[in-house]
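> Next input, structure requested:
(2 chains)
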There are 2 protein chains.
Amino acid sequence: MKIKKPSIAIDMDGVIADTESHFITWYYKDYGVLVNRAELFGKPESEAFPNKEAVLKFVHSPGFFRTLPVMAGAVEVIQELMKDFEIYIVSAAMEFPQSLSEKKEWLQEHFPFISWKNIVFCGDKSIIDTDYMIDDHFKNLDFCKGKAILFHAAHNATTDRHQRVHSWEEVKSLLQKELAALN
Amino acid sequence: MKIKKPSIAIDMDGVIADTESHFITWYYKDYGVLVNRAELFGKPESEAFPNKEAVLKFVHSPGFFRTLPVMAGAVEVIQELMKDFEIYIVSAAMEFPQSLSEKKEWLQEHFPFISWKNIVFCGDKSIIDTDYMIDDHFKNLDFCKGKAILFHAAHNATTDRHQRVHSWEEVKSLLQKELAALN
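Okay, here's the model as predicted:
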């Protein structure tokens, strides 16, 4: 009998895609100001940059989501986790309809080993039911049905809720411990 | 205290979109043969038309999903159900990436009262957790976590599993009975 693997819902922006770096780069490109990462600390992304309209403008710009850098370690760790876990990519893409095809293409380029069957683009994530959820937003983790793992980001840095991880290496070691406890 | 409404995941193709009629129309337009609905009975859609490549060709054609007719009664009944249920549109759109934006636009045109927060485009539906699921495919209903409602279609007509409904009027009366039983 095939044993069902524990499932993980993994967010895109801020988790496998390095949105923070991309905002800083695009802000510099458009406004000529290099914002220091420390300035973003504890602020919602939409309010963290000097010009408050910039972030909203970027996320509605064609190409923004398609050109996001991959978060360090995400590809390698996810490939390894797939041996023991059923991995789903779950992104709240519905808010920015133009991002749908960009996000699909981005995944195809950087994570071609993830089947279309395991990709979910949604609005809110309250009807997603997996054993684990890795996300950088409390609005998703607070109501998730499985175990919540908070991926560290400047915008979530000053609130303490859920298990926090700072890197994909940390995700790997946390989930390997979970797996050992299950067996 | 706000009482949480029971949730329903509603499929698109074959449930709120009349895919069957659209296949017949497109087949006639492309091949000059008007296929009778009775000929589709009990066959997977991909094998139901004389030319076996037609359906696959259609679902990969730009415009196919954007121009689907709305299933009779779907708009009116869903609007009414929204008073008592939390409605999610859950479509397995990932298989046909070009359909993502077409499906989003189609929903915007025909169901503008459904928030982007309540739209889910996914691959398999196994991680969707709602109280009810309305779908025309056994592959989705057989593993759903809530109560399964099979929306009648020629392709599912010869298998008997789950509660079958033949129209949106029937969906309405079934769910009104469910609601009465809950209260």
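
> So which bits of chain A are right by chain B?
Proximity of chain A to chain B (Cβ under 8 Å from any Cβ of the partner chain) is limited to residues A:7, A:9, A:88, A:90, A:93-95, A:97-98, A:100-101, A:104-105, A:115-124, A:127-130, A:145. Using the backbone N, CA and C atoms, a C-beta is placed for each residue, glycine as well.

> List the contacts of the residue most central in space within chain A.
Closest residue to the average C-alpha location of chain A: A:Val15 at 2.7 Å, with Cα atoms, centre = their mean. A:Val15 sits next to A:71, A:74, A:134-136, A:151 when contact means Cβ atoms under 8 Å, 6 or more residues apart in numbering or on different chains.

> So which of the residues you listed belong to strands?
The strands, defined by DSSP state E, take in A:134-135, A:151 from the contacts of A:Val15.

> which one of these is nearest A:Thr19?
A:Phe151 (11.0 Å; Cβ to Cβ).

> Burial check on the residue nearest to A:Gly146 when sequence neighbours are not counted, number of neighbours?
Excluding the flanking residues, the one nearest A:Gly146 by Cβ to Cβ, 6 or more residues apart in numbering or on different chains is A:Asp131, at 4.6 Å. Residues contacting A:Asp131 under the criterion other Cβ atoms under 10 Å in any protein chain shown number 18.

> I'd guessed A:Asp131 sits against A:Lys4; true?
No: contact status for A:Asp131 versus A:Lys4: not in contact, 9.7 Å apart, counting by Cβ atoms under 8 Å.

> before we move on, the earlier item: mind checking which of the residues of chain A next to chain B are in helices?
Counting by DSSP state H, the residues of chain A next to chain B place A:100-101, A:104-105 in helices.

> By neighbour count, which of those residues wins?
Busiest of these [other Cβ under 10 Å] is A:Lys104, holding 24 neighbours.

> next structured bit after the least confident helix or strand in chain A by mean pLDDT?
Counting by mean pLDDT, DSSP states H and E, the weakest-scoring helix or strand in chain A turns out to be helix A:45-48, with a mean of 92. Counting by DSSP states H and E, the element after helix A:45-48 in chain order, helix or strand, is helix A:54-59.

> Figure out how far that following helix is from the centre of its chain.
Remark: helix A:54-59 is offset 18 Å from the chain centroid, using Cα atoms, centre = their mean, to the nearest Å.

> residues in contact with that helix?
By Cβ under 8 Å, 6+ apart, helix A:54-59 touches A:22-23, A:26-27, A:30-31, A:45-46, A:48-49, A:64-65, A:96, A:99.

> Buried residues, that helix. List them.
In terms of neighbour count (16 or more other Cβ atoms under 10 Å in any protein chain shown), helix A:54-59 has its buried residues at A:54-55, A:58-59.

> shouldn't A:Phe65 be in contact with A:Ser101?
No: here A:Phe65 does not reach A:Ser101: they are 9.3 Å apart, not a contact under Cβ under 8 Å.

> Can you go through the residues of chain A next to chain B and name the buried ones?
A:7, A:9, A:88, A:90, A:93-94, A:97-98, A:100-101, A:104, A:116, A:118-124, A:127-130, A:145.

> So which of these are in strands?
A:7, A:9, A:88, A:90, A:119-121.

> for stretch A:120-131, how far is the first residue from the last?
16 Å (Cα to Cα, to the nearest Å).

> quick check: domain ranges of chain A?
With domains defined by automatic domain parsing, chain A comprises A:7-18+A:69-182, A:20-59.
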